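[1] Pasted the sequence and its predicted model underneath.
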Amino acid sequence: MQQTLGIYGGTFNPVHFGHLALAHTLQDTFALGEVRLIPTGVPPHRAPDVSATQRLEWLKLSLIGKKNLVTDDREVKKGKVSFTFDTLTELQQEQPHSLLVWLIGGDSFAHLPSWYRWQELLEIGHLVVANRPGFNKLPVEIAGEFAKRQVEASPQALAQGKISVLPLPLMSASSTLIREKLARGEDVSDLSPIAAILQQSGLYYKNT
Ligand SMILES: Nc1ncnc2c1ncn2[C@@H]1O[C@H](COP(=O)(O)OP(=O)(O)OP(=O)(O)O)[C@@H](O)[C@H]1O
Ligand SMILES: O=C(O)c1ccc[n+]([C@@H]2O[C@H](COP(=O)([O-])O)[C@@H](O)[C@H]2O)c1
């Protein structure tokens, strides 16, 4: 049987239930032994107001007791901008016999042409896309790649250079929504597994 490794990168500013549902469903749908959640240190396209070590710490807390879901701190340790192409290349070198099964949301997928070496990125492993607003309005070059590469979401269909859609209904959870609610001092326990910690930290609170 083919060896596989699940990869899920994100800013996780902060972690929410949607992130966890995506990671679980990825693991389950493709029968992956392990999914690595990789927080960005210095993300290429944004500047989070909370440190990378803090975002990693919260992510770790939210994964306690979750078999097969683990954090990977390589991008946090780098201390400079991390490109997904470099991270996946590094992981592939470490595990030359594993197929990398990497996950992004539909909004990220729609912006893929702005990513570093995005066309080569599509060749590295098997990409899994989770539905999210934006996925239904793909730029033409991405729509073309998707049409050419799409296969069903199953362990048997896993293959280098292919793309599958994660079988999960649209989830409205987002870090933006959590940050907005915390800024107003509102409860976020329906959105994040670390709601109490976030509220106590006061980190996103804006006393206006
Ligand atoms: N609810 C969701 N449904 C589908 N994909 C999601 C969802 N939440 C996050 N993702 C995807 O997971 C990856 C990491 O997301 P990220 O950590 O930036 O969270 P986010 O909720 O998108 O944050 P923000 O609201 O700050 O943009 C991205 O590819 C994103 O598209
Ligand atoms: O490599 C790139 O050029 C690139 C550009 C934008 C985002 N990414 C990665 O995509 C993942 C999700 O990003 P974000 O900003 O939606 O949290 C995260 O792992 C980022 O490092 C990667």
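    Now that the structure is in, tell me what you want to look at. Numbers count the residues shown, from 1 in each chain. Ligands and ions are numbered 1, 2, ... in the order given.

[2] per-residue pLDDT, Val188?
    pLDDT recorded at Val188 is 97.

[3] what about the strands in the protein?
    Ranges of strands in the chain, per DSSP state E, are 3-10, 35-39, 69-71, 98-105, 126-130, 163-165.

[4] Return the residues of the chain in contact with ligand 2.
    Taking CB under 6 Å from any ligand atom as the contact definition, the chain meets ligand 2 at 9-11, 40, 43-46, 82-85, 104, 108, 115-116. All C-beta spots, glycine's among them, are computed from the backbone N, C-alpha and C.

[5] Mark which of those residues are buried, thanks.
    For these, a burial check counting by 16 or more other CB atoms under 10 Å picks out 9-11, 40, 43, 82-85, 104, 108, 115.

[6] Show me which residues of this structure sit near ligand 1.
    The chain has residues 10-13, 18-19, 22, 104-105, 107-108, 130, 132, 171, 173-176 near ligand 1, with proximity defined as CB under 6 Å from any ligand atom.

[7] if you skip the residues just before and after it, what's nearest to whatever residue of the chain ends up closest to ligand 1?
    Closest residue of the chain to ligand 1, CB to the nearest ligand atom: Gly105 (2.0 Å). Leaving aside its chain neighbours, Gly105 sits nearest to Arg132 (4.3 Å; criterion: CB to CB, 6 or more residues apart in numbering).

[8] who's in contact with the one you found?
    By CB atoms under 8 Å, 6 or more residues apart in numbering, Arg132 lies in contact with 105-107, 170-171.

[9] at 10 Å what do you get?
    When contacts are counted by CB atoms under 10 Å, 6 or more residues apart in numbering, Arg132 touches 18, 22, 104-110, 170-172, 174.

[10] With pLDDT added, can I get those in a markdown table?
    Shown next, in a markdown table, are the contacts of Arg132 (pLDDT from 0 to 100):
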| residue | pLDDT |
| --- | --- |
| Gly18 | 98 |
| Leu22 | 98 |
| Ile104 | 98 |
| Gly105 | 97 |
| Gly106 | 96 |
| Asp107 | 95 |
| Ser108 | 96 |
| Phe109 | 97 |
| Ala110 | 95 |
| Leu170 | 94 |
| Met171 | 95 |
| Ser172 | 94 |
| Ser174 | 98 |
